[in-house]
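Peer 1: build me a model:
(2 chains)
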There are 2 protein chains.
Amino acid sequence: MTEGIWHGGDLARARTLFPDAPEPWIDLSTGINPIPYPLPALPLSLWQRLPGADDEAVLLAAARKAYRAPPGAGIVAAPGTQILIDLLPRILPEIARAGPVAVLGPTYAEHALAWRKAGAEVTEPTTLAEAAKAASIVVVNPNNPDGRSLPVADLAALAARCAKRGGMLILDEAFADFTPQLSLLPALPPATIVLRSFGKTYGLAGVRLGFAIGEEAPMTALRTAMGPWAVAGPALAIGTQALADADWLADAGAARATDAARLDALLAPLGRVVGGTALFRLLETPDSALLFAHFGRHGIYVRRFQNQASWLRLGLPGDAAAWSRLEAALSSFIPLGGSASVLHASHAGTASGSPANLT
Amino acid sequence: MTEGIWHGGDLARARTLFPDAPEPWIDLSTGINPIPYPLPALPLSLWQRLPGADDEAVLLAAARKAYRAPPGAGIVAAPGTQILIDLLPRILPEIARAGPVAVLGPTYAEHALAWRKAGAEVTEPTTLAEAAKAASIVVVNPNNPDGRSLPVADLAALAARCAKRGGMLILDEAFADFTPQLSLLPALPPATIVLRSFGKTYGLAGVRLGFAIGEEAPMTALRTAMGPWAVAGPALAIGTQALADADWLADAGAARATDAARLDALLAPLGRVVGGTALFRLLETPDSALLFAHFGRHGIYVRRFQNQASWLRLGLPGDAAAWSRLEAALSSFIPLGGSASVLHASHAGTASGSPANLT
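Peer 2: Numbers count the residues shown, from 1 in each chain, chains lettered A, B, ... in the order given. Predicted structure coming up:
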């Protein structure tokens, strides 16, 4: 796995940091829905056979509908969105040559890293006005970790500007499933690629399934770079069934929004709830280091950030027991106004110099 | 999926070709073990969570041992070997620049295709002497579909020659698991990459799991091209357990060798059994087109080849019923010495111009 960048979900690291914490750990360090889509029965043949072209075709049809891909758009499925993020700069070398790639930050760190690895000049502006100067722009929308979302009209204008410069707009909509009104789709201007992720919304990140939607040429290039059968047979079957289940999506979205509001209410006394999505909330507090350690000692793993010392991101508890342990931990927390930042400083010293690092 | 190249395992195509065939189809068109490794229990958490770095580490340790990777060798896991075949030419652009890439043919067609797509000059010689003139050489060993295997000493000499030319030896050992004496490993000369496949031997091609073993620099480049979490959580767990199970491997190898001998005996009256591995056998017969159609009408799908008209490759039947149907079909076959080649000619006309096309 990538060294240097912090990601959520690595409980082995949590156990190393807090060896005396009670088990089981409550993992709030990711933005993965804690209540997964119910796994369908998986016939043995899905494991035995190479995934068939017809199996992939039905998955892509379900994805087109779920994500509202416009007719004529290209679509490609991959074993997770991450590999698409890593392959895009390699299959589109002309994008890096067209000029700087601006990753609107702070955001998920793997975008900037992937473009840098491919030799692109990468900037990480924090305002749209600054980002708009680049030839190509990467926007996570809604954004991880702060939930910032850009109006669809602004995104379309960005795309037009990128196209004129020979660049591209790459829109990571990993967290847009519960808020389709925030998605650029069904609009898909030229020189735009939209990334969609299966694992977070459906609570099945281990399945490894993600999509890119865009013009046919870059989609064909992505497909070609991975070759046939990149997505496992069970992933095709699970994805096909889940993406067609609009009722589950609506119910889960409503339930998670309620959970998110409940979490906000718990966090409000500790600092400022900056925002987030229905799957995670971002807290800004001078006590972040102390709170991270307090949670850790209680067996609750939350997400901290290499370069935003005052931020903590919390995913949603998945059951009553987890909510109780979170509430109990919070009730015993004594804020100190950020004076006890020893733990944070010591771990920050071991981190890489990478700017914003969010999973 | 890739257009133009014929692959085994696509029963949808079989049903199109032979709409009146009895169901269920017996798929002998692949080299996948028909008796899979028993799937372990897969806890829901494997599906829910992002695969952890520790989960990948234990898989890689099991793979190192199973494949006898030498200490210090780099190793990378991927969602199937195919994606490694497609990525290698892209992450090693200096290889294509060093001179021609010879793919020792006829063999699995995706190797030559991947290098051509990356702009390499590709040759497909059929003799080692001819292949040895290139800067880089791809050898499938033992070979698919004819089972040809090169002595380890020859492979080491090839590697040394490639290294001297700034090229590389890429050794696809997808079918070496049951015959470890045919593997170059534990030897691993400089400028050599060995590919190993999980799905065929263990009968779990839908899992998508493959490995590359070589020097650290290209392995890091492969890992970087895919990013973290390319292999699904369930695949990590299944692979870890299966690769550590030397008893199963030994038993399965013995059983499949017996099956292969039984198949050879059935095929011998029809032509020349060229060879193969314990998972498939290659038949050369002037009646290949007629036999392909005869099998098809009996619901038995075998592998034919775009540019080797007289070849048919048969995988192993997986149970007594499949053996019976194969034997019954053979007992009703009337050889004509290749005169009835209408079906073959008509389908060959729709195929691409790609040279050797084998899965």
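Peer 1: I'd say residue A:120 and residue A:89 touch.
Peer 2: Yes - using CB atoms under 8 Å, residue A:120 makes contact with residue A:89 at a distance of 6.0 Å. No exception for glycine: its C-beta is placed from N, CA and C like everyone else's.
Peer 1: joint contacts of the two?
Peer 2: A:95-96, A:101 (CB atoms under 8 Å, 6 or more residues apart in numbering or on different chains).
Peer 1: what stretches of chain A score poorly on pLDDT?
Peer 2: Along chain A, the model assigns pLDDT under 70 to residues A:1-4, A:337-359.
Peer 1: tell me which stretches of the stretch 1-150 of chain A form strands.
Peer 2: With DSSP state E, counting those that start in this stretch, the ranges of strands along the stretch 1-150 of chain A come out as A:26-27, A:74-78, A:101-103, A:122-123, A:136-140.
Peer 1: in its sheet, which strands sit next to the third one, and in what direction?
Peer 2: Same thing as strand A:101-103. strand A:122-123 (parallel), strand A:136-140 (parallel) (DSSP bridges).
Peer 1: out of those strands, deepest packed?
Peer 2: Greatest average neighbour count among the strands paired with strand A:101-103 goes to strand A:136-140 (a mean of 27), per mean count of other CB atoms under 10 Å in any protein chain shown.
Peer 1: quick one, helices of chain A?
Peer 2: Along chain A, the segments classed as helices by DSSP state H run A:11-17, A:44-48, A:53-67, A:81-91, A:93-98, A:110-117, A:128-131, A:152-164, A:216-226, A:233-243, A:246-267, A:288-297, A:320-331, A:342-348.
Peer 1: wait, which of the strands of the stretch 1-150 of chain A is closest to residue B:108?
Peer 2: Checking the strands of the stretch 1-150 of chain A against residue B:108 by CB to CB gives strand A:74-78 as the closest, at 22.4 Å.
Peer 1: which residues of the stretch 51-200 of chain A lie near chain B?
Peer 2: Contact residues, the stretch 51-200 of chain A versus chain B (CB under 8 Å from any CB of the partner chain): A:51-54, A:56, A:79-80, A:82-83, A:85-87, A:90, A:110, A:114, A:117, A:199.
Peer 1: could you flag which of those residues are buried?
Peer 2: Listed as buried from these are A:51-53, A:56, A:79-80, A:82-83, A:85-87, A:90, A:110, A:114, A:117, A:199; burial here means 16 or more other CB atoms under 10 Å in any protein chain shown.
Peer 1: which two of those have the greatest separation?
Peer 2: Farthest pair in those (CB to CB) is A:52 and A:117. Separation: 33.6 Å.
Peer 1: from residue B:65, how far out is residue A:39?
Peer 2: In this structure, residue A:39 and residue B:65 are 31 Å apart, going by CB to CB, to the nearest Å.
Peer 1: those two: which is more packed in?
Peer 2: Between residue A:39 and residue B:65, residue A:39 has the larger neighbour count (other CB atoms under 10 Å in any protein chain shown), namely 18 against 12.
Peer 1: these two touch, right, the more buried one and residue B:46?
Peer 2: No - with contact defined as CB under 8 Å, residue A:39 does not count as touching residue B:46 (10.6 Å).
Peer 1: contacting residues around the nearest residue to residue A:226 once chain neighbours are set aside?
Peer 2: Spatial nearest neighbour of residue A:226, chain neighbours left out: residue B:83 (5.3 Å); criterion: CB to CB, 6 or more residues apart in numbering or on different chains. The contact partners of residue B:83, taken as CB under 8 Å, 6+ apart, are A:226-227, A:230, B:210, B:226, B:230.
Peer 1: can I get the residues you listed in TSV including distance to residue B:256 and neighbour count?
Peer 2: Compiled in TSV, those are given as follows (distance: CB to CB, whole Å; neighbours: other CB atoms under 10 Å in any protein chain shown):
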residue	distance to residue B:256	neighbour count
A:226	30	26
A:227	27	21
A:230	27	29
B:210	20	26
B:226	31	26
B:230	29	29
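Peer 1: out of the residues you listed, who's nearest residue B:266?
Peer 2: residue B:210 (31.4 Å).
Peer 1: who's in contact with the nearest residue to that closest one once chain neighbours are set aside?
Peer 2: Take residue B:210 and drop its neighbours on the chain: the residue closest to it by CB to CB, 6+ apart is residue B:81, 3.1 Å away. For residue B:81, the contacting residues are B:172, B:174, B:195-197, B:210-211, by CB under 8 Å, 6+ apart.
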